[in-house]
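Visitor: Return atomic coordinates for the entry below.
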Amino acid sequence: MKLSTLAAVLLAGESALCAAAIVRRDAQFLQGQPIDAAGKGGPILGGTNHQLDLQNPDNLAQQSTDAGVVPNLKWSFSDSKTRIFNGGWVREQVIQDLPQSHDIAAAQQHLKKGAIRELHWHRVAEWGIVYAGSIIISAVDEDGKYVAETLNYGDIWYFPKGAPHTVQGLADENEYLLVFDEADFDKVGTTFNVDDWISKTPKSILAKNFGVDVSVFNSIPSPNPYILNGTVSKSKVSGAPAQSGNASFVYRTLKHPAEKVPGGGGEFRKIDSTNFPVSKTIAATFVRLSPGGLRELHWHPNAEEWLYFHSGTARATVFIGSANARTFDFSGGDTAVFPDNSGHYIENTSKTEDLVWVEIYKSDRVVDISLGQWLALTPADIVSQTLKVPIEFAEKLKKEKQLLIK
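Guide: Reported below is the predicted structural model:
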C-alpha cells in the first residue's frame, strides 16, 4: 500500500473515531442543554434557569418519543407562596398554580409543638396524611359524635364537607399533606374560621346563644389567625359518644396490610371507601417503589390522578391520545396531575433510593387498568398483528396486574 493511501486510511479512521466521540459527547441533556446524540438542537444562549434545566432534562427533549402538544402537568411546592405564622407555615397548590388539576387542591402545612390550626370547616372535603412528627386532630360529625386522636407518620384523616375540625402539633416540629376535592380552594365561601364568624356576630347575640354575659367575648382575636401558638391539649372530651367503626374519620395506614404486588417492586397501599368507608369523595394510594422500579403502564378510567412526590426522583411519560405524549421529571415536593384515561407510567430513576409518593383521586374508589393485563387477556394473534410483535411475546404476557415492577 502506498504511503499516501495508508495515510488517507488512517486519517479517515481517525476522523470516524473523532466523529463518534463527538456524537457521544454531544448528548448534553444532563448538562442542561437541548442537544441530542445526533447533534440536533443547540445550546441555550438566552436567559434560562440552569438549575431547573438540570432538574428537568425531559423538558429539553431528552425523550425522543415525546410528541404533540401536552400542557404542563407539574407543579412544585417550592414554587408556591409560603405564608408564615407564629406557630408554623403553609404553602398551597391550587388551580391557579396548576390549571390542569381540575379536581384537587393541596397544601403542605407545618405546626410547631402546641401550635393550633384554628377551629374551622370547609365547603369541601379534606383529606390529610402525616409525614413528619405527631398531631392531634379533633372533629365532630352531624350526629354529635366526636373524634380526638393522635396521628403519627402515615396516618390519614378524612373530614367530610362541613365537618368542623382542628389540628394541633405534638412533636417539636410537625408536618402533613392536606388534600381538598375542589381545585379552586382559595375562593370565597370555601373555608369558614370560627373566630372570623364570632368576631362578625353581635356580642348580644353571642351572649344569648351561649347563655353567658357579653363580657366573655371582650377578647375575641382578630379574624383569621389561621395558625396560632398554644400549649398541648390535656383536656378530655366527655359526656358524648366517640366515633367508631365505619364512621371513623381516621385511618391507620401502616396498621393495614399492603396490597399484593406481583411485580415485586415495592409496597402499594390503597385507601378508599372499600377500607375507609367515610372517605366517599377522595380515594388514595400510598406507594413505595424500589430503586430502578417501574409503576407499570396503566390508566385510570374514573378520575384524574393527582400526585404528591414525597421523596426520591422519578420520570413519567403521559400519553393523552392522538399521538400526544410528554415526559416529566419529578423529585421530592413536586405535585402532578395526569388527565383521566391518560396512559402513563412512573419510573424510579434512582439506583439507591426508594421513591415514595401519594396518588389522589376525586372518587370513592381507586381504579386502574393495566396495559399488560389488557394485552394478556386479548387474543394473542390479534395483539401480534396489531403491534407487529412475535405471537410468542403476546402468549407469554402476564395475566395479573404487576403494579410495581422491580
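Visitor: and the next element down the chain from the helix or strand hosting His298?
Guide: Following DSSP states H and E, one finds His298 within strand 294-299. The element immediately downstream of strand 294-299 (helix or strand, assigned by DSSP H and E) is strand 305-311.
Visitor: Averaged pLDDT, that next one. What do you get?
Guide: Predicted confidence along strand 305-311 averages 98 (mean pLDDT).
Visitor: how much does the strand holding His298 deviate in direction from strand 305-311?
Guide: 170 degrees (axes from the mean of the first three to the mean of the last three Cα atoms, to 10 degrees).
Visitor: for strand 294-299, packing partners?
Guide: strand 343-348, strand 369-370, helix 371-376, strand 404-405 (3 or more Cβ pairs under 8 Å, 6 or more residues apart in numbering; DSSP states H and E). No exception for glycine: its C-beta is placed from N, CA and C like everyone else's.
Visitor: Need the winner for burial among those.
Guide: strand 404-405 (a mean of 23; mean count of other Cβ atoms under 10 Å).
Visitor: hang on, the earlier thing: tell me which of the helices and strands packed on strand 294-299 lies nearest to Phe77.
Guide: Phe77 sits nearest to strand 343-348 of all those, at 18.4 Å, using Cβ to Cβ.
Visitor: Show me what the following helix or strand past that closest one pairs with in its sheet, parallel or antiparallel.
Guide: Following strand 343-348 in sequence order, the next helix or strand is strand 355-361 (DSSP H and E). When pairing is defined by DSSP bridges, strand 355-361 lines up against strand 283-289 (antiparallel), strand 305-311 (antiparallel).
Visitor: Point to the residue nearest the middle of the protein.
Guide: Tyr308 (1.7 Å; Cα atoms, centre = their mean).
Visitor: wait, that residue sits on Ala106?
Guide: Yes - contact criterion Cβ atoms under 8 Å: Tyr308 and Ala106 qualify, at 6.5 Å.
Visitor: got any residues that touch both of those two?
Guide: Residues touching both Tyr308 and Ala106 (Cβ atoms under 8 Å, 6 or more residues apart in numbering) are 177, 335, 360.
Visitor: about what we covered before: just the angle for the strand holding His298 relative to strand 343-348, thanks.
Guide: Using the same axes, to 10 degrees: strand 294-299 against strand 343-348 is 170 degrees.
Visitor: Adjacent strands (with direction) for strand 294-299?
Guide: In the sheet, strand 294-299 lines up against strand 343-348 (antiparallel), strand 369-370 (antiparallel), strand 404-405 (antiparallel) (DSSP bridges).
Visitor: Generate JSON lines for these, with mean pLDDT and distance to Asp196 as supplementary columns.
Guide: Shown next, in JSON lines, are the strands paired with strand 294-299 (pLDDT from 0 to 100; distance: least, Cβ to Cβ, whole Å):
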{"stretch": "strand 343-348", "mean pLDDT": "98", "distance to Asp196": "41"}
{"stretch": "strand 369-370", "mean pLDDT": "98", "distance to Asp196": "45"}
{"stretch": "strand 404-405", "mean pLDDT": "98", "distance to Asp196": "45"}
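Visitor: residues touching Ile198, list them.
Guide: Ile198 neighbours (Cβ under 8 Å, 6+ apart): 206, 217, 220.
Visitor: mind checking how far it is from Ser138?
Guide: 18 Å (Cβ to Cβ, to the nearest Å).
Visitor: Could you do Pro223 as well?
Guide: From Pro223 across to Ser138, the span is 21 Å (Cβ to Cβ).
Visitor: quick one on the thing from earlier: right, so of the strands paired with strand 294-299, which gets closest to Phe328?
Guide: Nearest of the strands paired with strand 294-299 (Cβ to Cβ): strand 343-348, 9.6 Å.
Visitor: What lies in contact with the closest one?
Guide: 289-299, 305, 312-319, 338, 354-355, 357, 371.
Visitor: swap the cut-off to 6 Å and go again
Guide: Strand 343-348 is contacted from outside by 289, 291-295, 297, 299, 314-316, 318-319, 338, 355, using Cβ atoms under 6 Å, 6 or more residues apart in numbering.
Visitor: What's the first helix or strand after the one helix or strand Arg91 maps to?
Guide: Arg91 is part of strand 88-93 when elements are defined by DSSP H and E. Next in sequence after strand 88-93, counting helices and strands by DSSP H and E, comes strand 105-112.
Visitor: how about the CA coordinates for that following strand, as CSV?
Guide: Extracted in CSV, the C-alpha atoms of strand 105-112 (Å, rounded to 0.1, in the frame of the first residue of the first chain):
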residue,chain,number,x,y,z
ALA,A,105,-56.1,21.3,45.5
ALA,A,106,-53.5,20.6,48.2
ALA,A,107,-51.2,22.1,50.8
GLN,A,108,-48.2,21.3,52.9
GLN,A,109,-48.8,22.6,56.5
HIS,A,110,-46.3,22.8,59.4
LEU,A,111,-47.1,23.2,63.1
LYS,A,112,-44.7,23.7,66.0
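Visitor: Direction-wise, compare it with strand 305-311 and give the angle.
Guide: Using the same axes, to 10 degrees: strand 105-112 against strand 305-311 is 30 degrees.
Visitor: counting contacts, what elements does the next helix or strand after strand 105-112 pack onto?
Guide: Past strand 105-112, heading to the C-terminal end, the next element that is a helix or strand (DSSP H and E) is strand 116-122. Strand 116-122 sits against strand 165-169, strand 191-193, with contacts defined as 3 or more Cβ pairs under 6 Å, 6 or more residues apart in numbering; DSSP states H and E.
Visitor: quick check, distance from the shortest one to the centre of its chain.
Guide: Same thing as strand 191-193. Centroid separation for strand 191-193 versus its chain: 25 Å, with Cα atoms, centre = their mean, to the nearest Å.
Visitor: And the helix or strand just after that strand, what's buried?
Guide: Going down the chain from strand 191-193, the next helix or strand is helix 194-199, by DSSP H and E. Neighbour-count burial for helix 194-199, with 16 or more other Cβ atoms under 10 Å as criterion, is recorded at 195-196, 198-199.
Visitor: And for stretch 208-223?
Guide: Those buried within stretch 208-223 under the rule 16+ other Cβ under 10 Å are Phe217.
Visitor: Done for today, thanks.
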